[in-house]
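1. predicted model and sequence below, questions to follow.
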Amino acid sequence: MNYFELFELPVSFKINRQGLAARYFSLQKKYHPDYFSNATENEKDEALHLSSQVNKAFKTFQSPDETIKYVLQLKGLLEEEEKYVLPPVFLMEVLELNEMKMDGASQKEITEKTNELQQEIYNEIETVIDNYNDATTTADELKKVKEYYYKKKYLDRLLKAD
């Protein structure tokens, strides 16, 4: 059972957060191991597993980046420790950011430039994110989201480096 099935949500890059906490508490009430103290060992183990899944799903759904990552993993497009090759044009833009750092630009300037770049890369896939449909979104569209995911991850690391 994947996180979307567990929470009875359609697969989506954007989670409607309204009612998400209520659904989380409802599922925890249903699966929390404390409610299975008189159950069989198998039932206890299953409750523990499901309770853990509920926690992981809720944490994933609270983060847009983690939700994107999870959907891409569900679609078989992300692998652990994957060595994704970013486009040279993007790497040149990152090089410019690094040069700004070396030339003594303020953290505010670097953050602003990085945020601009993040907005640019998001604009390229915003329609796919907003209108994702598990049945009709194409493999090419998902590949663009994957590229966005890796670019954003790279930029986030760059911002945290200071």
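-> Perfect, thanks for sending it.
2. identify the residue nearest the residue nearest the centre of the chain in space, chain neighbours excluded?
-> Residue closest to the average C-alpha location in the chain (CA atoms, centre = their mean): E66, at 2.0 Å. The shortest distance from E66 to any non-neighbouring residue, by CB to CB, 6 or more residues apart in numbering, is to T60 (4.6 Å). (Glycine included, C-beta is placed from N, CA and C.)
3. can you count the residues close to that neighbour?
-> 18 (other CB atoms under 10 Å).
4. hang on, it packs against F4?
-> No: under the criterion of CB atoms under 8 Å, T60 makes no contact with F4, lying 10.0 Å away.
5. how about the residue in the chain sticking out farthest from the centre, phi and psi?
-> Largest separation from the mean C-alpha position in the chain: N38, at 37.3 Å (CA atoms, centre = their mean). With angles defined as degrees, to the nearest 10, N38 sits at phi -100, psi 10.
6. quick check, pLDDT for it.
-> N38 carries a pLDDT score of 86 in this model.
7. would you mind measuring from it to A47?
-> From N38 across to A47, the span is 12 Å (CB to CB, to the nearest Å).
8. and if you look at G76?
-> 29 Å.
9. over to A57?
-> 15 Å.
10. looking at the two, which is more packed in?
-> Legend: neighbour count by other CB under 10 Å for A57 and A47, higher for A57 (25 against 19).
11. could you pull up the residues touching that one?
-> 3, 6-7 (CB atoms under 8 Å, 6 or more residues apart in numbering).
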